[in-house]
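Student: Turn this into a model:
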Amino acid sequence: MEQNTGDYIVRATAANAQIRAFACTTKDLTEAARQAHNTSPVVTAALGRLLSAGAMMGSMLKGEKDLLTLQVKGDGPVEDITVTADASGHVKGYAGVPDVILPANSQGKLDVAGAVGKGILRVIKDMGLKEPYIGQTMLQTSEIAEDLTYYFAASEQVPSAVGLGVLMERNNTVRQAGGFLIQLMPFAEEEVIERLERNLAGITSVTAMLDQGITPEQMLGLILEGLAYEVTDTMPAAFFCNCGRQKIEKVLISLGEKEIQDMIDEGQEIEVNCHFCSKKYKFSVDELKHML
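Tutor: Numbers count the residues shown, from 1 in each chain. Alright, predicted model coming up:
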């Protein structure tokens with residue numbers, strides 16, 4: 001399933017390639033995820049932030065078949081959030097407990113940190129090698145953007161600035177969602193770093209910018225002002241799940257003969273839900289026998 005949406009990712013460089021930058025608007029794909037999983041507002045905000053990050057980080061992948069997985073596991077009521085992205089702007093994701101309801105935090109905002117709790121952020125890059133790359137850091141604020149900023153510095157040694165946001169309508173649909181990701185290359189000069197820090201200190205939140213009608217290109221223009229920035233490309237982003245009957249069949253077969261025989265013995269058709277998009281697949285007793 002893939003929607004045609006207004007969501008897209010912008011990639012740019014600045015200051016003679018001393019900075020690489022990404023920004024995205026992801027309202028439609030965040031709303032698609034909300035509808036697929038019937039998430040509560042605070043879970044929509046957490047999942048939407050991670051989906052935006054996944055879309056931008058996925059666009060850094062080189063190979064068509066490369067996959068990126070982001071996992072946030074905490075001791076909060078949402079338990080865990082998983083997002084997978086590819087190099088072409090496709091993302092999908094789900095939360096362990098989708099219907100968590102929490103009061104607003106001290107700033108009157110959705111309490112993402114309270115929903116996530118203390119725990120770990122894991123980044124898995126599967127680039128077709130024998131072993132995937134796995135980086136793991138402790139969650140710093142559990143608000144997700146700062147946790148990714150810390151991950152890049154600690155695990156990949158790349159100084160970065162990450163901004164992510166989801167704004168909800170009163171009817172709990174998604175009003176705005178998106179983010180930015182700015183990275184300094186190892187040869188970045190001191191005055192470039194100082195100018196970037198000044199610019200970042202002066203910008204409002206991601207959702208405030210998007211809600212004012214500021215596009216991802218204009219967002220990067222504000223963050224990279226005075227740093228000779230140029231957009232290198234844009235790509236559409238969408239909530240996309242590549243599940244299908246064959247994939248679900250393989251999962252069932254992988255359970256082993258005994259499990260399948262038990263299902264056959266119960267004499268009922270079974271229903272399997274895809275984790276990532278909640279699509280339902282039904283298998284009759286005859287189909288189960290055929291798998292055996």
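Student: separation between the residue of the chain most remote from its centre and residue 258?
Tutor: The C-alpha centroid of the chain is most remote from residue 265, which lies 40.4 Å away (CA atoms, centre = their mean). Distance, residue 265 to residue 258, using CB to CB, to the nearest Å: 10 Å. For glycine as for every other residue, the C-beta is placed from the backbone atoms N, C-alpha and C.
Student: Kindly report the same for residue 17.
Tutor: Taking CB to CB, one finds residue 17 at 57 Å from residue 258.
Student: quick one, which of these two is more surrounded?
Tutor: Set residue 17 next to residue 258 and count neighbours by other CB atoms under 10 Å: residue 17 wins out with 11 against 8.
Student: hang on, the earlier thing: identify the contacts common to residue 265 and residue 258.
Tutor: Here residue 265 and residue 258 share no contacting residue, scored by CB atoms under 8 Å, 6 or more residues apart in numbering.
Student: Can you mark which positions in stretch 195-203 are buried?
Tutor: 195, 196, 199, 203 (16 or more other CB atoms under 10 Å).
Student: And for stretch 104-120?
Tutor: Neighbour count says stretch 104-120 has 109, 110, 111, 112, 113, 114, 115, 116, 117, 119 buried, by 16+ other CB under 10 Å.
Student: now do the same end-to-end measure for it.
Tutor: Length of stretch 104-120, first residue to last, CA to CA, to the nearest Å: 23 Å.
Student: Do you have the strands of the stretch 1-150 of the chain handy? List them.
Tutor: 8-14, 19-25, 67-74, 80-86, 90-95, 119-126, 133-138 (DSSP state E, counting those that start in this stretch).
Student: Which strands and helices lie in contact with the fourth one?
Tutor: The one in question is strand 80-86. helix 41-58, strand 67-74, strand 90-95 (3 or more CB pairs under 8 Å, 6 or more residues apart in numbering; DSSP states H and E).
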